[in-house]
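Engineer: Quick one, what's the 3D model for this:
(one chain, ligands or ions: 2)
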Amino acid sequence: MKVLVLDGVEEEGLQALRREPDIEVDIPNKLTEDQLVGIIGEYDGMIVRSATKVNARVLEHATKLKVVGRAGVGVDNIDLAAATAKGVLVVNAPGGNTIAAAELTMAMMQSLARNIPQANATLRSGKWDKKSFMGVELRGKVLGVIGLGRIGSAVAKRAQGMEMRVVAYDPYITEENAAILGVKLLSLEEIFKQSDFITVHLPLTRESKYLLDEKAFETMKQGVRIINCARGGIIKESALYEAMKSGKVAGAALDVFEKEPNTDSPLFEFNNFIATPHLGASTQEAQLLVAVDVAEEIVAALKGEPVKNTVNIPSLSPKTMAVVSPYLSLAEKMGKFVAQLVAGRIKKIEITYDGDLANQEVSPITTAVIKGFLDTILQEMVNYVNAPLLARDRGISVVQKQAGEGSDYANLITVKAASDKEELSVSGTIFGRTDPRIVSIDGYHVDAFPEGHMLYIPHIDKPRIIGPVGNLIGAHNINISAMQVGRLKIGGKAVMLLSVDAPVPAETLAEIAKIDGVLGVKNVSL
Ligand SMILES: NC(=O)C1=CN([C@@H]2O[C@H](COP(=O)(O)OP(=O)(O)OC[C@H]3O[C@@H](n4cnc5c(N)ncnc54)[C@H](O)[C@@H]3O)[C@@H](O)[C@H]2O)C=CC1
Ligand SMILES: O=C(O)C(=O)COP(=O)(O)O
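Structural biologist: Ligands and ions are numbered 1, 2, ... in the order given. So this is what the prediction gives:
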């Protein structure tokens, strides 16, 4: 087997890989994306830091790849959905660089307070200038920590050592855990209002993108100082620029940027702006630790043993992986489908497996359904590791059943969701090894490709329904690419599933709902 190591991962930490007689390790010089695409087909595993983009194109050419290891925390440079769809395991090494990132944050904070980088530069340029560099003390100041995880907590402890008062915003940790750290949890608004220094330590997600934007800066204290040693994009750089220009922000320190590498940011025009080139994890100690952790995980993954820090898929044996991977994407889409069709607060999701799946290890497929379901209703990052936990936290009971009532399909997944208002079930199958279909909704037979935009219209089986629906959609110039109608008995309830080339506007949905015999109408986007 071959493992490709990129991005300057510390070689000394790769002993676990080197010890394996069956594993060959290649450490080439920096590769362009095209060069990587050219060689990735030879590799069973790869290790990266933040520089290499393991995107869909790279993964498409990775025909033998089983595992990608991230020697560090953030996996935003890896296309997790594409990796999952291919059954490629993504692992990271989250503990090893916590102290390195926390210590850089403290160094940034002290540099902001005492103008160390600027004073150093001025002195070395030949000026003994004491007047320009009057500083402030950290003692007694309020530090607002956004994201009180591993690094945020380590920063909090260190700041308390400097006699700062630490407050934090993190909706996913409990008051008790914060209290153990001596930190008060506040709302984001209060953090903005009260803090003299604000530091962010959370991943970049849909929810955290531009968390610090124009509006956020407006509500902050005059003279606040800002630090980002987490991810570019959590702070909107153009908004920070304006806030520094107006004097609202008295100093800012960034280790990470919206676009990296970045060597000509407009922020460089401010003297009270300091920056480092993504050095948070760059200590000898951290690099050794993350390399050791990730090398051990790659070896375990390639040997088919359990792996600790899996990011996208539960750690599975190659045998189980071969069985479940074709179903993961269908299952995720079925979760999304159900989430968009069922109204009300979901209490239970029941997943039943028939046919070939009746006797297999299917729990990863169940997790995929839950992931797809939660992805639709939550803003936060949902992955294969946290999905079951997030469902439980939200009071959703997940039930997995094998060998239900039997079926005519070689394999069949049925997802039944019950809310406080209604119950609905959707069944899906894979034809051959790669052709996914939704084959029934609430027991009504359909045959739909689970992709793109769809309209679900339960109705009474009678004339003058299909035509008017088609006319209303056509009047908006939206193309209908496929249509399925399923009924159980003539003149009874039926369902219609239309595939459309664009989402249908709300006013057209309202007009469709008014057609005599239509029982409801819902947009679904997969
Ligand atoms: N500059 C650098 O070189 C380094 C950067 N990092 C980055 O630092 C960040 C934090 O890393 P860790 O502390 O190890 O991660 P972690 O997972 O231990 O902590 C993240 C915390 O953020 C919280 N969180 C998530 N979404 C949130 C939201 N919308 N609002 C408020 N809180 C939210 C989570 O509940 C969690 O407690 C990551 O983005 C990581 O990639 C990590 C190491 C080095
Ligand atoms: O671990 C992380 O999330 C980091 O940002 C570290 O990035 P790096 O490995 O230094 O490119």
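
Engineer: Only C-alpha atoms from now on, for both contacts and neighbour counts.
Structural biologist: Noted.

Engineer: Now do the strands in the stretch 301-450 of the chain.
Structural biologist: 346-355, 397-402, 411-419, 423-431, 435-441, 444-448 (DSSP state E, counting those that start in this stretch).

Engineer: Most tightly packed of those strands?
Structural biologist: Of the strands of the stretch 301-450 of the chain, the one with the most neighbours on average (mean count of other C-alpha atoms under 10 Å) is strand 411-419, at a mean of 23.

Engineer: got the CA positions of that one in CSV?
Structural biologist: Taking C-alpha atoms only, strand 411-419 is exported to CSV below (Å, rounded to 0.1, in the frame of the first residue of the first chain):
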residue,chain,number,x,y,z
ASN,A,411,-32.4,-3.9,-1.4
LEU,A,412,-34.8,-1.4,0.2
ILE,A,413,-34.4,1.4,2.7
THR,A,414,-37.6,2.8,4.2
VAL,A,415,-37.5,6.0,6.3
LYS,A,416,-40.6,6.7,8.4
ALA,A,417,-40.7,10.0,10.2
ALA,A,418,-43.3,10.9,12.9
SER,A,419,-43.8,14.5,14.1
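
Engineer: For it, which helices and strands make contact with it?
Structural biologist: Applying 3 or more C-alpha pairs under 8 Å, 6 or more residues apart in numbering; DSSP states H and E, we find strand 411-419 packed against helix 318-341, strand 346-355, strand 423-431.

Engineer: Can you tell me which of those has the worst average pLDDT?
Structural biologist: Ranked on mean pLDDT, the bottom entry among the helices and strands packed on strand 411-419 is helix 318-341, at a mean of 87.

Engineer: among the helices and strands packed on strand 411-419, which is nearest residue 500?
Structural biologist: helix 318-341 (15.0 Å; C-alpha to C-alpha).

Engineer: ok, and for that closest one, which residues are buried?
Structural biologist: If you call a residue buried by 16 or more other C-alpha atoms under 10 Å, then helix 318-341 has these buried ones: 318, 321, 324-341.

Engineer: Look at residue 312 and report its pLDDT.
Structural biologist: pLDDT for residue 312: 80.

Engineer: How about the residues of this protein by ligand 1?
Structural biologist: 73-74, 94, 97-98, 101, 146-152, 169-173, 201-204, 207-208, 229-231, 255, 278-281 (C-alpha under 6 Å from any ligand atom).

Engineer: Among those, which lie within strands?
Structural biologist: 146, 169 (DSSP state E).

Engineer: Tell me the spacing between residue 373 and residue 400.
Structural biologist: 15 Å (C-alpha to C-alpha, to the nearest Å).

Engineer: Likewise for residue 66?
Structural biologist: Counting by C-alpha to C-alpha - residue 66 and residue 400 are separated by 27 Å.

Engineer: ditto for residue 392
Structural biologist: Separation of residue 392 from residue 400 (C-alpha to C-alpha): 14 Å.

Engineer: now residue 187
Structural biologist: Residue 187 is 38 Å from residue 400, by C-alpha to C-alpha.

Engineer: which phi and psi does residue 524 have?
Structural biologist: Dihedral pair for residue 524: phi -130, psi 130, per degrees, to the nearest 10.

Engineer: For the closest residue in space to residue 135 that isn't next to it in sequence, give me its contacts.
Structural biologist: Excluding its sequence neighbours, the residue lying closest to residue 135 (C-alpha to C-alpha, 6 or more residues apart in numbering) is residue 114, at 4.5 Å. The contact partners of residue 114, taken as C-alpha atoms under 8 Å, 6 or more residues apart in numbering, are 133, 134, 135, 136.

Engineer: tell me the phi and psi of the nearest residue to the first one once chain neighbours are set aside?
Structural biologist: In this structure, residue 133 finds its nearest non-sequential neighbour in residue 115, 6.1 Å apart by C-alpha to C-alpha, 6+ apart. Residue 115 adopts backbone torsions of phi 60, psi 40, taken as degrees, to the nearest 10.

Engineer: Burial check on residue 115, number of neighbours?
Structural biologist: By other C-alpha atoms under 10 Å, the residues close to residue 115 number 22.

Engineer: pLDDT score assigned to it?
Structural biologist: 98.
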